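> when you get a sec, could you give me coordinates for this:
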Amino acid sequence: MDFATAEQIGAMIEEIVAAAAPSAKGRAMYGGRVFEMEAGNPKTLFAGFFVYDGHASLEFSHGARFEDPAGHLEGKGKHRRHVKLRTAEDVEAKDVAGFMAQAVRLATEPA
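Numbering: from 1, shown residues only. This is a model prediction of the structure:
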């Protein structure tokens, strides 16, 4: 993935996180950027954005519990799921804002 596309997608994700969870904090971790409800508390991590050669991956800590009628989420783990983004248009086409809203809701539910 070229730098300009990665930057554009990253900026779009930052805007979506800010809209869904204004108090959430982002920080560099695991070679990408992760988002937490409480800064520095990995137990509150709800999403992460990582760039690879051919795509960007937006990963969700509780993605296995998401509703995904269009089948955009990938992964088979016990908890996590991710969506692959190859273009800026994928951010809207793959309902990143909807997934982020679900991520924030699950991250703020009482345990």
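> counting neighbours, show which residues of the least confident helix or strand in the chain by mean pLDDT come out buried.
One helix or strand of the chain scores below all others by mean pLDDT, DSSP states H and E: strand 25-29, with a mean of 95. Residues of strand 25-29 classed as buried by neighbour count (16 or more other C-beta atoms under 10 Å): G26. Where you see a C-beta, it was placed from the backbone N, CA and C, and this is true even at glycine.
> elements contacting that strand?
Strand 25-29 sits against strand 32-36, with contacts defined as 3 or more C-beta pairs under 8 Å, 6 or more residues apart in numbering; DSSP states H and E.
> which single strand of this structure contains the most residues?
The longest strand of the chain (DSSP state E) is strand 45-51.
> what does the least confident helix or strand of the chain contact?
Defining contact as C-beta atoms under 8 Å, 6 or more residues apart in numbering, one finds that strand 25-29 is touched by E14, V17, R33, V34, F35, E36, M37, E38, A39, G40, G48.
> and the longest strand of the chain, average pLDDT?
For strand 45-51, the mean per-residue pLDDT is 98.
> export that strand to CSV, keeping only CA atoms.
Only the C-alpha atoms of strand 45-51 are listed here, as CSV (Å, rounded to 0.1, in the frame of the first residue of the first chain):
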residue,chain,number,x,y,z
LEU,A,45,-8.1,-1.3,23.8
PHE,A,46,-11.0,-1.6,21.3
ALA,A,47,-9.4,-1.2,17.9
GLY,A,48,-6.1,-1.0,16.0
PHE,A,49,-4.9,0.2,12.6
PHE,A,50,-2.0,-1.5,10.8
VAL,A,51,-0.5,-1.0,7.3
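> who's in contact with that strand?
Strand 45-51 has contacts (C-beta under 8 Å, 6+ apart) with 1, 6, 9-10, 13, 17, 21, 24, 29-37, 56-62, 100, 103-104, 106-107.
> and the residues you listed, which are buried?
For the contacts of strand 45-51, a burial check counting by 16+ other C-beta under 10 Å picks out 6, 9-10, 13, 17, 21, 24, 32-37, 56-62, 100, 103-104, 107.
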